[in-house]
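Visitor: return a 3D structure for these sequence lines:
(chains A, B, C and D)
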2 protein chains.
Amino acid sequence: MTTPPDARPLRADAARNRALLLAAAADEFAEHGLEASVADIARRAGVGKGTVFRHFPTKDDLIAAIVVDRINDLRTAGEQLLDAEDAGAALLEFLTIAGGQRQQRDLSFLMGSAEWKPDVKRAQAGLFQAVEGLAVRAREHGAVREDVTGTDVFLLMCAPNYVSEYVPNASPDLWQRYLAIIFDGLRPEGAHALPQPPPTL
Amino acid sequence: MTTPPDARPLRADAARNRALLLAAAADEFAEHGLEASVADIARRAGVGKGTVFRHFPTKDDLIAAIVVDRINDLRTAGEQLLDAEDAGAALLEFLTIAGGQRQQRDLSFLMGSAEWKPDVKRAQAGLFQAVEGLAVRAREHGAVREDVTGTDVFLLMCAPNYVSEYVPNASPDLWQRYLAIIFDGLRPEGAHALPQPPPTL
DNA sequence: CGATAAGCGGACCGCGCGGTCAACTTGTTA
DNA sequence: TAACAAGTTGACCGCGCGGTCCGCTTATCG
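Guide: Residues are numbered from 1 along each chain as shown, chains lettered A, B, ... in the order given. Okay, here's the model as predicted:
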């Protein structure tokens, strides 16, 4: 993963604990948001608090590790869809996968956030490239309107989850409804001129 | 505003401080998010910390007061648009006003959040009714697709702000681009069937 | 103007957090 | 299996937060 060439192999139990910790933290963050305490995460993982800080010098580093994992999963999925025949369907499927990762508001936001250490930025850049590829191919295929850029798609990626998170006892698939609406907005049919130029990242 | 019939009039300076406090808190929350400290808010307003708690027994009460204000502003704007001739344009304008309120992620989220005290819920319900009215009229007018409900519009209301908040040095009007895209997704032309039924609140 | 109570301020409190450390346990390796 | 480094642990620390409280100030009104 994010191992600079210092590559000293982890002891077996340490590797297991690291994985337990990442999983526990992801769960805890999903339940209580980013203000979940490190102590709770440690308890959930069944390890001592000190162990957390041995693996991740800072709570932020722990969050960053989770974010990087998520980003990389998504990038892999995106890259595999780059050679699909129907570029429009591929983009829609990618966005469906992105929404399917049961995400928490804050975590999703951080995936795209700009203030990050270089290694997270690198992961973001990789994901962005994949999304850009999918978007461009879909546009060339006529499945997406001309005036929409890869950056637009990248930014809109998490919107369906945001929207559906307002609803208290919603179906866990409600986000698909809003993905469908937004995706219809990306289609060429019935598109109206956009009032603002596309941003760059 | 939210004055139950206990209606004892506020002393002049107290009323002024209350207003200063609300403004300072809104600014501070916009800059630093909801974790802005009460002490900082008091300093910004030029009052002592105790004064904050005299007006708002709890930090949450302060947040609630701001949320209620925002909701009511928006409701008023929405209600005035209910008699517009072009219902489609009215809905779009309403959504433009909603986006134009310089909002912060957390605050926008709380405007729609379900866990609130009764008085905030009441304000939310009022806003919802206005949005519902605008949406229904736009649908009858043929400006919005048949399968979209008032609830959908209510939920999508803040999405453009969320989306554009990812961009570091964005134009402050970037959200308009995403409002346009999403609004195109609400139009009847080129609409595809939605995969999930509409939610209820 | 003078009395009164509404309003103000900021030192103070306890709590829970992120982070440290030194004594202890355990996987690893020859 | 012995010896050592890698890993673990939880008591501990300091800080900054939300919230309290009481002595002081000041708007209000007869």
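Visitor: for the rest of this, base every contact and every neighbour count on C-alpha atoms.
Guide: OK.
Visitor: average model confidence for the strand or helix carrying A:Leu127?
Guide: Following DSSP states H and E, one finds A:Leu127 within helix A:118-140. Averaging pLDDT along helix A:118-140 yields 97.
Visitor: need the residues that contact that helix.
Guide: A:2, A:64, A:67-68, A:71-72, A:74-75, A:78-79, A:81-82, A:87-88, A:90-91, A:111-112, A:114, A:144-146, A:149-151, A:153-154 (C-alpha atoms under 8 Å, 6 or more residues apart in numbering or on different chains).
Visitor: and chain B, which of these contact it?
Guide: A:Gly112, A:Ala114 (C-alpha under 8 Å from any C-alpha of the partner chain).
Visitor: low-confidence ranges, chain A, go.
Guide: Flagging of chain A using pLDDT under 70 yields the residue ranges A:1-7.
Visitor: who in it is up against chain B?
Guide: Counting by C-alpha under 8 Å from any C-alpha, chain A sits next to chain B at A:109, A:112-114, A:155-156, A:159, A:162-164, A:166-168, A:170, A:173-174, A:176-177, A:180-187, A:189-192, A:194-201.
Visitor: so how far is the helix holding A:Leu127 off the chain centroid?
Guide: In terms of C-alpha atoms, centre = their mean, to the nearest Å, the centre of helix A:118-140 is set 12 Å apart from its chain centre.
Visitor: stretch A:85-101 too?
Guide: On C-alpha atoms, centre = their mean, the centre of stretch A:85-101 falls 14 Å from the chain's centre.
Visitor: CA-only coordinates of that stretch in CSV, if you can.
Guide: Taking C-alpha atoms only, stretch A:85-101 is exported to CSV below (Å, rounded to 0.1, in the frame of the first residue of the first chain):
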residue,chain,number,x,y,z
GLU,A,85,-18.1,-1.5,-24.3
ASP,A,86,-20.9,0.8,-23.3
ALA,A,87,-19.1,3.8,-21.9
GLY,A,88,-22.3,5.4,-20.6
ALA,A,89,-23.3,2.3,-18.7
ALA,A,90,-19.8,2.0,-17.4
LEU,A,91,-19.9,5.5,-15.9
LEU,A,92,-23.3,4.8,-14.3
GLU,A,93,-22.1,1.5,-12.9
PHE,A,94,-19.1,3.2,-11.5
LEU,A,95,-21.2,5.8,-9.8
THR,A,96,-23.4,3.0,-8.4
ILE,A,97,-20.3,1.3,-6.9
ALA,A,98,-19.2,4.6,-5.4
GLY,A,99,-22.6,5.1,-3.8
GLY,A,100,-22.7,1.5,-2.7
GLN,A,101,-19.7,1.9,-0.4
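Visitor: buried ones in it?
Guide: Buried residues in stretch A:85-101, counted by 16 or more other C-alpha atoms under 10 Å in any protein chain shown: A:Ala87, A:Gly88, A:Ala90, A:Leu91, A:Leu92, A:Phe94, A:Leu95, A:Thr96, A:Ala98, A:Gly99.
Visitor: confirm for me that the second one is in contact with A:His141.
Guide: Which is A:Gly88. Yes. The pair A:Gly88 / A:His141 is scored as a contact, 6.9 Å apart, by C-alpha atoms under 8 Å.
Visitor: how near is A:Asp106 to B:Pro172?
Guide: Computed as C-alpha to C-alpha, to the nearest Å, the A:Asp106 to B:Pro172 distance reads 22 Å.
Visitor: neighbour count winner among those two?
Guide: The neighbour comparison of A:Asp106 against B:Pro172 (other C-alpha atoms under 10 Å in any protein chain shown) goes to A:Asp106, with 15 against 12.
Visitor: hmm, A:Pro198 is touching A:Gly150, no?
Guide: No. The criterion here is C-alpha under 8 Å, and A:Pro198 misses it with A:Gly150 at 9.5 Å.
Visitor: more crowded one of those two?
Guide: A:Gly150 (22 against 17).
Visitor: which residues does that one contact?
Guide: A:Phe128, A:Val131, A:Glu132, A:Gly133, A:Leu134, A:Ala135, A:Val136.
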